[in-house]
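S.K.: Sequence first, then the predicted structure:
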There are 2 protein chains.
Amino acid sequence: MRKQNREGIRNQKVTRSADFIPEWKENISDHQSFRSIFKWGAKDEFKNPSQGFFSVIKQELGLSDDDFQTPSKLGETIVENSCKTTMNPEEITLFENIVGKENCFIDTYDRLKYSTGKAMEDIFDLREEKIENISDIVLHPKNREEIQKILELCHTKKIPLHVYGGGSSVTLGLSCPRGGVTLVMNTHMNKMIKFSEINRTITVEAGMMGPVYEELLNNAPVKLDANNQYTGGHFPQSFEYSTVGGWVVTLGSGQASSYYGDVYDLIVSQEYITPKGSFKTHDFPATATGPKINDIMKGSEGCFGVLVAVTMKIFKFQPKNSKQFAFMFPKFENAVNAVRQISQSDSGMPSIFRVSDPEETDIALKMYNLDKNIIGKVMGLKGLKPGSRCLLMGQTDGDKAFSNNLLKQIKKICSKNYGSNLSGYPMRKWYKGRFSDPYMRDALNDFGVLIDTLEASVTWENLEKLYHGVRNHIKQHPNTICMTHASHFYDQGTNLYFIFITKMGNIDEFRTFQRSIIEKIEENGGSLSHHHGVGRMMAPLMEKHLGKTQMDVLKALKKHFDPHNIMNPGGLGL
Amino acid sequence: MRKQNREGIRNQKVTRSADFIPEWKENISDHQSFRSIFKWGAKDEFKNPSQGFFSVIKQELGLSDDDFQTPSKLGETIVENSCKTTMNPEEITLFENIVGKENCFIDTYDRLKYSTGKAMEDIFDLREEKIENISDIVLHPKNREEIQKILELCHTKKIPLHVYGGGSSVTLGLSCPRGGVTLVMNTHMNKMIKFSEINRTITVEAGMMGPVYEELLNNAPVKLDANNQYTGGHFPQSFEYSTVGGWVVTLGSGQASSYYGDVYDLIVSQEYITPKGSFKTHDFPATATGPKINDIMKGSEGCFGVLVAVTMKIFKFQPKNSKQFAFMFPKFENAVNAVRQISQSDSGMPSIFRVSDPEETDIALKMYNLDKNIIGKVMGLKGLKPGSRCLLMGQTDGDKAFSNNLLKQIKKICSKNYGSNLSGYPMRKWYKGRFSDPYMRDALNDFGVLIDTLEASVTWENLEKLYHGVRNHIKQHPNTICMTHASHFYDQGTNLYFIFITKMGNIDEFRTFQRSIIEKIEENGGSLSHHHGVGRMMAPLMEKHLGKTQMDVLKALKKHFDPHNIMNPGGLGL
């Protein structure tokens, strides 16, 4: 039906005025509506596609203005309290006694809200007003003693226990197919525990939100009596709506990771409550005392225990040393050579660093209106053609002389690889919107246009194979945009981030398509995930990906920590 | 008896001519002697204490030239084939069938040799001509298939299996208290498997020796058809007599680790054969697919399986960019402030970087004859007094501009902390002897002077407590030198390396002293080991150090991988 419709429109070449602007929804959702759950970010913030981007979408997806007349599946219905908890009243009372009635919720809305992340599937289900895979009770614990008691109760009674940080999981990491308890960490478990300027570390409770964490560090002289301002150096796109603990247990990476490190590198020590006991790992900067428990817990996604606190590396905050840069390359190959040579230049690494493939480059130029001004002229003069040219952007940070020197090396290497200097302007344009792009998804979803992303890490050697293998597969799907970039860099390789946009009315069709892309990533030698985590989306492929012998090691750990299989059951494929 | 003797000499203040030089032993040991096993390094290389160092030793240990007249316990006896293997002939035949008779040894000498490391205790035992805790059979496997078969046989018959890399363990990591098999990896399992210039990695069999590895990389254009020369960046003091696999399973750190990283950071992927199956971990530069098996195996010291191959990061070899530096500070406190500020300067890190405490500084000045030339004059002019002044030395590496800029920042920070620039000369002096100091231990041991080292990692916050707590304890022992330095640096802290020299004739007395130091390290908040590993020396303290809950995680892994407890039983305290 959908396909017919779309094809039909294409054939008719129905177009209206170039000035047509859909009635993007910009009203605040009702408090208890499905929409209030799935809408990205702040309830009163919106971001709609620019007219440039909108016209690309119509063109590439074979749509016309007609397709953007009537939004549908807006999820504006109020979530009725229709789905009763299956937990018995005695158990509910036991939980109430631990956290207090005011921190204990069994209504459908709360249970649905805290069992849902931001995967396209989550959103699709909520737009369909489906209420599935939700927990039986939502608890907002106030301290580690309460978490300890909750965990003991769950262990004794074999009740599944899930942890909710900021709710930004895009891998179905929050769903509760076996019901049970959801612990919400950001309500009360969000305090600073210790700041050590001399160690350059901060210890916080797991539920502290990204902006609170960063503001505390930026204002360290006032708020923490420090000599300097600091930064956590971690800025994932979900920064504003994710928690420090969530970053840690899902192994996130921020937009400036090439300099500051992935969360994996930023973790100094962790404190857990598990069915097998509680512990805090050592905070030594290095040790040779066998395999590190600190490592074993990184990325454990709530399957071994509840992360209650974490000590993180921090860095001097010196934004005046930041230098932005952007270059345009004639071909993807030139751009990839440049970023590899920069990553291997032994000059240190830029913080933000991202290279777009031709399709993403051309769309980005339109999104940010870069093709019309002086930059458009430079590209014209240099013969940098649409469909081939590639945009590289980034920023250097650190000490002033270090940052300046690195920028000099970057310019040298880019020039050697036929890159044209576009100044720092495109980077500054991108920087402004770096956390707000997810808002656009809601706007497009309202008209049935789906956007999703999948990502993988890859060695330099295998980059080309992964890029073409996955991109070709996505592009085989008719009327589909596939934008690809690499945005996290290492001496040994990078990541590839695939954004695909298409129109689909059917979640099963979408899921089939999405799963086929994940399989293509795996087949073409990419990691199942670079920084999105595993969740229940990648879980079924984990054993194939790691091999049985390695998967058995994770299973052995799971069995040790959680013999009753209550900790986020099904997570990590365990 | 010993103590009386020493005290007596001290009281008499017997001194001979300042020109007295002991008859340091410089003859090549008999091939099958105890000495041939414990002697450090090449059989025809020797290094004797300089006269400056020798006079310090006499003075601090309360000894006179008389104590250096007659060496004793030289271990020159031939190891008789007196200690029969307890393995039955049928089993021996089974092993012979796997590796061939020519790679299978049951004579006492070989079994003793390959069950012994370079801990002071190992050496002491060999000088006493003790034959204890040795394996029953020594095998030199030729390939992974043979290792697989050996491991299966050991697993089926519950025969302990130990792995010998280069034999440089200083933590009793090689002894075989339950007998069984020792696998020697450096004989045949020493080949390169793959070199990837684009990934900046090299994959080698675990038994490749340090110098072979480094020479291969340094000569990559000729030997590997590469565009550039490379370095592994890993130079532990044992570099010449250790294997790549040994570095990995014991979590070593090299002298240039502050820039290149500890071995922990250098490992990209590993290939293991375990009783639960064989596997190779992924070589992705980063992943978010749950806890990493690659991490779980790092530092496993042969307790989970046999490491057969490893993929390591490599770096461009550009020695012409190396810049040496040295500074003298009026007090330890100033020097520590400087190294911390440099480590946290956001300018990158020097490669070699070491700061000595006052006692080590004064001895180093004498060892390298630095107190007499122009450097002595500088110190005199600046009022840098013995017993207080502290030497900082190092080297910057990487790209030329990066290295130069870092040196500039280092000079700035040192000057701000009252450091006097001594030029790169002391660093170059140290550099020449950086692998040869262990030879001196043999020379001094011949006269009953024991030298041993213990080390720990520590946060900046806790450095002072650890330093004083451990040093005061060591110095409470009469007539004992305690030299301390920090030589591996991180944003969050460093390590402390304690070298203690004293005269003892009794191994039990020594062991008691040494164990008391380890306990002091633990009590004062140091890691049980920074880069020496655990072995059987730290094993008894592991549970106290990690806490029972964390130790139980390692035990669960051990049980999973090795249900019959045959893999290096007792290692890691498991």
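M.R.: Structure received.
S.K.: Next, give phi and psi for A:Leu97.
M.R.: One correction, residue A:97 is Asn, not Leu. phi -70, psi -30 (degrees, to the nearest 10).
S.K.: what's the distance between it and chain B?
M.R.: For A:Asn97, the distance to chain B (Cβ to the nearest Cβ, to the nearest Å) stands at 26 Å. (Glycine included, C-beta is placed from N, CA and C.)
S.K.: Now do that residue, the pLDDT please.
M.R.: For A:Asn97, the model assigns a pLDDT of 98.
S.K.: How about A:Lys372?
M.R.: At A:Lys372, the pLDDT recorded in the model is 78.
S.K.: and it, how many neighbours does it have?
M.R.: 11 (other Cβ atoms under 10 Å in any protein chain shown).
S.K.: Would you confirm that it belongs to a strand?
M.R.: No. Applying DSSP: H, G, I helix; E, B strand; the rest coil, one finds A:Lys372 to be coil, outside a strand.
S.K.: List phi and psi for it.
M.R.: phi -100, psi -30.
S.K.: for it, what are its contacts?
M.R.: Listed by Cβ atoms under 8 Å, 6 or more residues apart in numbering or on different chains, the contact set of A:Lys372 is empty.
S.K.: Which parts of the stretch 201-350 of chain A are strands?
M.R.: A:201-205, A:230-231, A:267-274, A:277-280, A:306-313, A:315-316, A:323-329 (DSSP state E, counting those that start in this stretch).
S.K.: just so I have it, where are all the strands in the stretch 1-150 of chain A?
M.R.: Under DSSP E, counting those that start in this stretch, the stretch 1-150 of chain A gives strands at A:104-105, A:137-139.
S.K.: Could you tell me which strands the shortest one is paired with, and in which direction each runs?
M.R.: Strand A:104-105 has its sheet partners listed here by DSSP bridges as strand A:137-139 (antiparallel).
S.K.: what comes into contact with the partner strand?
M.R.: For strand A:137-139, contacts defined as Cβ under 8 Å, 6+ apart pick out A:85, A:87, A:92, A:95, A:98-99, A:103-106, A:110-111, A:113-114, A:150, A:180-184.
S.K.: Mind giving me the ChimeraX command for buried ones among these?
M.R.: To isolate in ChimeraX the members of the contacts of strand A:137-139 that are buried, counting by 16 or more other Cβ atoms under 10 Å in any protein chain shown, one can use:
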select /A:85,87,92,95,98,99,103,104,105,106,110,111,113,114,150,180,181,182,183,184
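S.K.: if we can go back for a sec, mind putting the strands of the stretch 201-350 of chain A into JSON lines with distance to chain B, mean neighbour count and mean pLDDT?
M.R.: Formatted as JSON lines, the strands of the stretch 201-350 of chain A follow (distance: least, Cβ to the nearest Cβ, whole Å; neighbours: other Cβ atoms under 10 Å in any protein chain shown; pLDDT from 0 to 100):
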{"stretch": "strand A:201-205", "distance to chain B": "6", "mean neighbour count": "24", "mean pLDDT": "98"}
{"stretch": "strand A:230-231", "distance to chain B": "11", "mean neighbour count": "23", "mean pLDDT": "98"}
{"stretch": "strand A:267-274", "distance to chain B": "6", "mean neighbour count": "23", "mean pLDDT": "98"}
{"stretch": "strand A:277-280", "distance to chain B": "4", "mean neighbour count": "18", "mean pLDDT": "98"}
{"stretch": "strand A:306-313", "distance to chain B": "6", "mean neighbour count": "26", "mean pLDDT": "98"}
{"stretch": "strand A:315-316", "distance to chain B": "6", "mean neighbour count": "22", "mean pLDDT": "98"}
{"stretch": "strand A:323-329", "distance to chain B": "14", "mean neighbour count": "24", "mean pLDDT": "97"}
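S.K.: Would you confirm that A:Leu161 contacts A:Val306?
M.R.: Yes. Using Cβ atoms under 8 Å, A:Leu161 is in contact with A:Val306, at 7.5 Å.
S.K.: Show me the common contact partners of those two, please.
M.R.: Joint contacts of A:Leu161 and A:Val306 (Cβ under 8 Å, 6+ apart) are A:151, A:183, A:567.
S.K.: Which secondary structure element is home to the first one?
M.R.: Just to be clear, that refers to A:Leu151. Taking DSSP states H and E as the criterion, A:Leu151 maps to helix A:144-157.
S.K.: swap in the second one?
M.R.: Under the criterion of DSSP H and E, A:Leu183 resides in strand A:181-184.
S.K.: which helices and strands does that strand pack with?
M.R.: Strand A:181-184 is packed against strand A:137-139, helix A:144-157, strand A:161-164, with contacts defined by 3 or more Cβ pairs under 8 Å, 6 or more residues apart in numbering or on different chains; DSSP states H and E.
S.K.: Give me whichever of the ones you listed is most buried.
M.R.: Comparing the helices and strands packed on strand A:181-184 by mean neighbour count (mean count of other Cβ atoms under 10 Å in any protein chain shown), strand A:161-164 comes out on top with a mean of 27.
S.K.: name the helices or strands packed onto that one?
M.R.: Using 3+ Cβ pairs under 8 Å, 6+ apart as the test, strand A:161-164 ends up in contact with helix A:144-157, strand A:181-184, strand A:306-313.
S.K.: now with 10 Å?
M.R.: strand A:137-139, helix A:144-157, strand A:181-184, helix A:244-250, strand A:306-313 (3 or more Cβ pairs under 10 Å, 6 or more residues apart in numbering or on different chains; DSSP states H and E).
S.K.: do the helix holding A:Leu151 and chain B meet?
M.R.: No. Using Cβ under 10 Å from any Cβ of the partner chain, helix A:144-157 stays clear of chain B, coming no nearer than 12.9 Å.
S.K.: what's the average pLDDT for that helix?
M.R.: The model assigns helix A:144-157 a mean pLDDT of 98.
S.K.: Work out the gap between that helix and the centre of the chain.
M.R.: Per Cα atoms, centre = their mean, to the nearest Å, the displacement of helix A:144-157 from the mean C-alpha position of its chain is 30 Å.
S.K.: and that helix, what does it pack onto?
M.R.: helix A:89-99, strand A:137-139, strand A:161-164, strand A:181-184, strand A:267-274, strand A:277-280, strand A:306-313.
S.K.: Same list (the ones you listed) but as CSV, adding distance to A:Leu174.
M.R.: Shown next, in CSV, are those (distance: least, Cβ to Cβ, whole Å):
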stretch, distance to A:Leu174
helix A:89-99, 19
strand A:137-139, 11
strand A:161-164, 6
strand A:181-184, 8
strand A:267-274, 19
strand A:277-280, 24
strand A:306-313, 14
